[in-house]
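> Okay, predicted coordinates and the sequence, questions at the end:
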Amino acid sequence: MKKTVFALQLAIVGLSFASSVLAVSITNPISATNFHELIESIISGVTVIISPIVIIMFILAGILYLTSAGNPERINSAKACVTYAIIGTVIAISAAGLAAYLETLFTS
């Protein structure tokens, strides 16, 4: 019973601040005015994030390969690291191509 009363009081107090929240204006952080600009900004943001990750993955794979000392398990993990870095790069590049294709598809 006390939990129900407390939850009800909490809801009433929370709803009493609703009018002050409605007065806040929200600015657009992306500054995109249409769907094309939104997709371009998302792809550029993803590219900025993925590019250093790919470089780090290749460096990590090189370090794993150099420190393997002939151990087949470490060599295989280095090869897998390179493979995953290449797959990630292909996916990131194909995202930009897919967005360009969808833009031509929807604008014509």
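Structure received.
> shaky segments in the chain?
Across the chain, residues meeting the criterion (pLDDT under 70) sit at 17-24, 28, 108.
> Longest helix in it, by number of residues?
Longest among the helix segments of the chain by residue count, using DSSP state H, is helix 72-107.
> wait, what's in contact with the residue positioned nearest the centre of the chain?
Nearest to the geometric centre of the chain sits V46, at 6.1 Å (Cα atoms, centre = their mean). Applying Cβ atoms under 8 Å, 6 or more residues apart in numbering, we find V46 in contact with 92, 95. (Each C-beta comes from the backbone N, C-alpha and C, glycine too.)
> Okay, buried residues for the longest helix of the chain please.
By neighbour count with 16 or more other Cβ atoms under 10 Å, helix 72-107 contains the buried residues 78, 81-82, 85, 89, 92, 95.
> And it, what does it pack against?
Helix 72-107 sits against helix 35-66, with contacts defined as 3 or more Cβ pairs under 8 Å, 6 or more residues apart in numbering; DSSP states H and E.
> Look up phi and psi at I26.
phi -100, psi 130 (degrees, to the nearest 10).
> Relative to I39, how far out is it?
Computed as Cβ to Cβ, to the nearest Å, the I26 to I39 distance reads 21 Å.
> Between the two, which is the more surrounded one?
Between I26 and I39, I39 has the larger neighbour count (other Cβ atoms under 10 Å), namely 18 against 5.
> gap between that one and R74?
41 Å.
> And for I56?
Computed as Cβ to Cβ, the I56 to R74 distance reads 18 Å.
> can you check I12 too?
62 Å.
> next one: L15
60 Å.
> Check which helix or strand P29 maps to.
Assigned by DSSP states H and E, P29 falls within no helix or strand.
> I misspoke; the intended subject was I12.
Short version, using DSSP H and E: I12 is in helix 2-16.
> which helices and strands does that helix pack with?
Counting by 3+ Cβ pairs under 8 Å, 6+ apart, helix 2-16 packs on no helix or strand.
> Next, the contact list for the closest residue to I50 other than its chain neighbours, please.
Leaving aside its chain neighbours, I50 sits nearest to A92 (4.5 Å; criterion: Cβ to Cβ, 6 or more residues apart in numbering). By Cβ under 8 Å, 6+ apart, the contact set of A92 is 46-47, 50, 54.
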